[in-house]
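Asks: Would you be able to build a 3D model of this:
(one chain, ligands or ions: 1)
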Amino acid sequence: MKKPKDARPGSAGTMVELFAGVGGFRAALEPLGWRTVWANQWEPSTKTQHAADCYWRHWNDGSLVNEDINSVVDRLERDNDAIPAHDLLVGGFPCQDYSVAKTLNQAHGIEGKKGVLWWSIYRLIEAKQPKLVFLENVDRLLKSPATQRGRDFAIILACLSDLGYLVEWRVVNAAHYGFPQRRRRALIIARRMVQASPEAPLAWLYERGALAQALPVWPVEDVQPSLPARQADIILKGHPAQITQEFGWTNPMTPFRSAGVMWDRKVWTRDVDPIFDGKQQTLGEVLVPDEDVPHEFFVPEDQVARWAYLKGPKSEERTAANGHRYFYSEGGIAFPDRTDIPSRTVLTGEGGTSPSRFKHVVRAKDGRLRRLTPVELERLNGFAPGWTEGMPDGRRAFMMGNALVVGLVKQVGQELSASSTGALQVVS
Ligand SMILES: C[S@@+](CC[C@H](N)C(=O)[O-])C[C@H]1O[C@@H](n2cnc3c(N)ncnc32)[C@H](O)[C@@H]1O
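Replies: Down below sits the predicted model:
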């Protein structure tokens with residue numbers, strides 16, 4: 001990874017962090033000189049705000065507002081100073097249904113479903129016009145909804161295009177760049193453009209974009225990617241309400257591949273293969289000595305069979321709540337988990353003692369089976385050990401299921417520069 005040239009606070013620019021959780025973006029980008037001037041985190045499902053408490057414990061500088069982002073953005077429409085000006089907007093936002101119910105409304109161009117968080121992001125970008133936007137989401141974002149594959153992502157791209165942004169995206173498995181977790185996420189970078197000439201968008205996708213620079217790739221299908229592009233693969237036509245109604249009905253699968261570039265409603269998209277020849281970290285490398293693992297993390301002998309059943313292959317008849325009988329089958333997954341390769345993805349349900357198919361289980365040196373401790377989960381995401389201390393273990397696991405791979409975001413952050421975006425050209 002390149003060394004940051006100047007990491008004085010604010011030397012890279014100012015930043016706002018949405019859906020901040022326990023501060024994964026800030027932990028990654030602050031050391032590169034991005035100064036957080038405002039942040040927002042509010043958990044709708046619990047009274048106690050564990051994530052915000054954790055954030056405050058690390059950064060007690062008055063930047064974090066613990067309030068529903070929808071309410072803050074409502075206020076922003078009356079008072080543009082409700083959120084300060086900033087160069088970079090970041091956030092890992094939940095994957096929801098982004099459909100637009102109404103057609104063009106005179107007062108406001110786009111009217112999305114209430115409570116759908118994309119529309120808060122959109123309204124904020126519209127009001128504050130940051131030079132750069134860096135978003136993270138599950139890879140399902142590119143495929144949803146099931147009935148209209150790719151429709152939601154098409155809405156997002158069209159919105160960003162209409163606000164004057166050039167967008168690049170990538171679906172990345174963190175383990176492909178050496179990290180100890182096989183976490184797959186969609187990374188999206190948008191740059192507000194004064195001018196762009198996307199005559200070589202494939203070169204941007206493969207070589208010159210921030211994502212290509214940070215996370216190098218090989219083309220899977222193009223032999224000479226730096227040649228000027230052919231026609232765009234997709235042209236996003238119509239108001240987002242029209243995209244909602246029309247996009248993707250006949251798509252058996254999403255048209256959005258694992259990498260892409262979009263400018264002026266034109267989309268170029270390709271599958272790519274990662275290039276990485278560094279050290280591959282493994283699950284085994286983040287484990288603490290067995291002696292340091294509290295007894296409640298060890299699987300009681302009488303529950304081993306239940307864990308084995310849940311993780312094993314099955315093919316069985318089941319009865320639904322309404323009495324309907326159906327056949328259920330699934331393959332087996334490793335039990336215990338292999339420690340010589342990167343872990344599976346940490347999910348929000350990783351914590352707690354109850355047996356589960358998806359929680360990780362490793363074998364201790366004395367042969368017993370055990371779950372992963374909060375510190376091990378923090379290490380799988382690259383947070384400093386103890387980052388989420390101060391809340392119950394189950395919540396600590398939940399936070400890590402929601403969070404991101406800090407080192408991956410940092411690697412991309414190295415390639416972001418607020419100063420170079422104004423007159424950026426896609427062509428060389
Ligand atoms: C995918 S997580 C992001 C985690 C974060 N990147 C981190 O490193 O911890 C999404 C976050 O959005 C928060 N959230 C959900 N609804 C919200 C809302 N209406 N307003 C503000 N935050 C919200 C959740 O509590 C959760 O922490």
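
Asks: tell me the helices in this structure, going along the chain?
Replies: Secondary structure of the chain by DSSP state H: the helices cover 24-29, 50-58, 69-78, 117-128, 151-162, 201-203, 210-214, 240-246, 283-286, 304-311, 374-381, 393-402, 406-413.

Asks: out of the ones you listed, nearest to residue 296?
Replies: Residue 296 sits nearest to helix 393-402 of all those, at 8.2 Å, using C-beta to C-beta. Every residue, glycine included, has its C-beta placed from N, CA and C.

Asks: mind listing what the spatially closest residue to residue 384 that is not a sequence neighbour touches?
Replies: In this structure, residue 384 finds its nearest non-sequential neighbour in residue 378, 7.2 Å apart by C-beta to C-beta, 6 or more residues apart in numbering. Contact analysis of residue 378 by C-beta atoms under 8 Å, 6 or more residues apart in numbering lists 384-388, 396, 400.

Asks: same deal with residue 27?
Replies: Taking C-beta under 8 Å, 6+ apart as the test, what residue 27 contacts is 58, 383-384, 387, 406.

Asks: where's it relative to residue 73, distance?
Replies: 25 Å (C-beta to C-beta, to the nearest Å).

Asks: same check, this time on residue 333
Replies: 41 Å.

Asks: So for these two, which sits in the more crowded spot?
Replies: Using other C-beta atoms under 10 Å as the criterion, residue 333 and residue 73 rank with residue 73 on top: 22 against 13.

Asks: burial count for the residue of the stretch 101-250 of the chain found nearest the ligand?
Replies: Closest contact between the stretch 101-250 of the chain and the ligand, by C-beta to the nearest ligand atom, is at residue 117 (6.0 Å). Neighbours of residue 117 under the rule other C-beta under 10 Å: 20.

Asks: so where do the strands sit in the stretch 51-200 of the chain?
Replies: 64-65, 88-92, 132-138, 165-173, 184-192 (DSSP state E, counting those that start in this stretch).

Asks: Out of the contacts of residue 378, the closest to the ligand would be?
Replies: The ligand lies nearest to residue 400 out of these, by C-beta to the nearest ligand atom, at 8.2 Å.

Asks: I'd say residue 385 and residue 377 touch.
Replies: No - look at residue 385 against residue 377 with C-beta atoms under 8 Å: they stay out of range, at 10.3 Å.

Asks: Counting neighbours, go ahead and name the busier of these two.
Replies: residue 377 (28 against 14).

Asks: From the ligand, how far out is the more buried one?
Replies: Distance of residue 377 to the ligand, given as C-beta to the nearest ligand atom, to the nearest Å: 12 Å.

Asks: nearest spatial neighbour of that residue, skipping sequence neighbours?
Replies: Per C-beta to C-beta, 6+ apart, closest to residue 377 is residue 400, 4.1 Å.

Asks: cool, and residue 117?
Replies: residue 93 (5.1 Å).

Asks: same deal with residue 320?
Replies: Closest to residue 320 by C-beta to C-beta, 6+ apart is residue 326, at 6.5 Å.

Asks: wait, doesn't the one you found sit right on residue 316?
Replies: No - when contacts are counted by C-beta under 8 Å, residue 326 is not listed as touching residue 316 (10.0 Å).

Asks: circling back to that earlier point, relative to residue 242, which of the strands of the stretch 51-200 of the chain is closest?
Replies: strand 165-173 (19.5 Å).

Asks: Run through the residues of the stretch 51-200 of the chain sitting next to the ligand.
Replies: Counting by C-beta under 6 Å from any ligand atom, the positions of the stretch 51-200 of the chain adjacent to the ligand are 51, 68-70, 92, 94, 117.

Asks: are any of those buried, and which?
Replies: 51, 68-70, 92, 117 (16 or more other C-beta atoms under 10 Å).

Asks: I'd like these as JSON lines, with pLDDT appended.
Replies: Converted to JSON lines, these look like this (pLDDT from 0 to 100):
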{"residue": "51", "pLDDT": "98"}
{"residue": "68", "pLDDT": "95"}
{"residue": "69", "pLDDT": "95"}
{"residue": "70", "pLDDT": "93"}
{"residue": "92", "pLDDT": "95"}
{"residue": "117", "pLDDT": "90"}
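
Asks: So which residues on the stretch 301-428 of the chain come close to the ligand?
Replies: 402-404.

Asks: thinking again about what came up before, so what's the residue nearest to residue 320 up against?
Replies: 317-320.

Asks: Export these as CSV, with columns for neighbour count and pLDDT.
Replies: Output for those, formatted as CSV (neighbours: other C-beta atoms under 10 Å; pLDDT from 0 to 100):
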residue, neighbour count, pLDDT
317, 8, 92
318, 10, 90
319, 9, 92
320, 8, 89
